[in-house]
Structure formats: C-alpha cells, structure tokens
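Asks: Everything below, folded, please.
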Amino acid sequence: MKRCLLLAFLFLLGLRHPAGAFPLETIRQANQDYLQGDYAKAVAGYEQALKAGWDNGHLHYNLGNAYYQSGRLGPAVFHFLQARLRLPRDEDVAANLSTAIRRTEDLLEWESLSPLASVLFWLEDFNFWEHLQALFWLYLGLWATLVWELFRPGPRPRLVRRVLLGLGVVCLVSTLARWHLERGQPFGVVIPPSVEARTKDQGFSGTTFRLHEGTVVRILEQGESWVTIELPDGRKGWVTRDQLWISTHNPV
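Replies: The predicted structure is shown next:
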C-alpha cells in the first residue's frame, strides 16, 4: 500500500472556496499524524476537513489511506472510490483502490456502466468538471474564430470554425454522458465485517447472500431504513441502511 501523501490539494480548488476557510492547520496536523503512524487521529483530522466543505479528490485519497492503515477496509474503499471519481487518471488512487478491493472477501468489481465508454474512449479518464472546462474553452475558441472571420474573411477561419464546432459537439455529448455516468444510480460500500442480504425488506425471510466489508453494491431503491441492492452478477437483496456508506454519485 502506497503511503505517499498527496499534498497538492492544498493549492487546488482555491477559487471555488473562500481562502480564509481553508483548514490548513487541520490538514497539516492530519498529515503529521499519518506520517507518525497515528492513523486514528489522521482520520479524525481529514474528516474534519471534509466537514468544513473541502470535498477534494486528494483529501479523499489521504483519508482512504488513513482508514486502510487503521484496518478499516470499508471506509477505505469508499474514500478511494470518491478519490477516483475526482481524480480519474491518478495512478496512485487506482493502485490503492485495486489493493483495497483485492483484500475484500467477496472480490466483486464493477465494470464500466456506460455503453458510450467504448466509443468515447476518454470518457472515464476525465471527470465532469474537466469536461466542462474543455467545453468552455472550445466555446471561447469558437467565438474568437467568428471574430477572426468577421475581420479577416477567408478559407482558413472557416475551416478552424468548422473544426471547433465539430469538436464542440463531441465535447458536449461527452460532457452529458459523463454527467449521466457520475449521477446515475448511487452505490454503497459495506461497512460492517459481514452483512446478510435478505429476500424481503420486512419479516427477515431468508438470507439471499452474505456480503463482507468493503464490497461495493449498486443501490436500486432506498427506503426509510432498508435499501435494495444489486451485485455485479445481477443478484439482488435488501440490507439495512446503516450497514452501508452510500454515495450519491456513481463512483464510475
């Protein structure tokens, strides 16, 4: 398991949060606690930073590492998935998530849920905000080309405009596909050492299958105290809500 802490998140997303609200000292202390092997205190510090509103891929990664080192496999998988959602190309995130899942007893992994991923091959390599940024710059480029064509008409600006327009359409489709992928059916991660999935949400009639800590399930329906889950092989059952940590975003 890689112990390297990614501190670059201290400088990321600065424009999306008020500078004075950044829990710098809390994160520094959590990093120090992690390096000193006090993983429980590191978890508490990173959780405090998340509660302060700093929902950041590197922070989720560090929190996943702290949970993993403290022996809590379920929360580790959950936060590694959250990190992958925000940092889809990060090799350390992918490696640590794979390591954590290989340690789960059930060894169940989900494949891509989007049929468009086979066509838009970059879909899972860029998160939704990166798609929006690309769309924004293509939009600005298109307007700049229109101004260029207005003052200097000719074949070259027309060609550039058509290329940018085509790229813009592809980027728009990709952005919508990524939005749908991230905000599709929610997923949950099993937190207790073992969970019995039932065939009915009332009466506790019959155990369909047993799941173990760190297993990732798809959430089909959510009730007040029960949720309907599905496994990659299509098996379905009901578990109590408090046995899962549920992500409102598809971890892809």
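
Asks: how about the strands in this structure?
Replies: 187-190, 194-198, 207-212, 216-222, 226-230, 236-240, 244-247 (DSSP state E).

Asks: strand partners of the longest one, parallel vs antiparallel please.
Replies: Paired neighbours of strand 216-222 in the sheet (DSSP bridges): strand 187-190 (antiparallel), strand 226-230 (antiparallel).

Asks: Tell me the gap between it and the middle of its chain.
Replies: 16 Å (CA atoms, centre = their mean, to the nearest Å).

Asks: Give me the average confidence score over it.
Replies: The pLDDT scores in strand 216-222 average 91.

Asks: So what touches that strand?
Replies: 77, 81, 101, 108-110, 185-190, 211, 227-231, 236, 241, 244, 246, 251 (CB atoms under 8 Å, 6 or more residues apart in numbering). The C-beta positions use only the backbone N, C-alpha and C, and glycine is treated the same way.

Asks: quick one: that strand to strand 236-240, angle?
Replies: Here the directions of strand 216-222 and strand 236-240 differ by 80 degrees (axes from the mean of the first three to the mean of the last three CA atoms, to 10 degrees).

Asks: And the helices in the stretch 101-250 of the chain, which stretches?
Replies: Secondary structure of the stretch 101-250 of the chain (DSSP state H, counting those that start in this stretch): helices at 128-151, 155-182.

Asks: Tell me which residues of the first one come out buried.
Replies: I take that to be helix 128-151. For helix 128-151, the neighbour count (16 or more other CB atoms under 10 Å) marks 128, 130, 131, 134, 135, 138, 141, 142, 145, 148 as buried.
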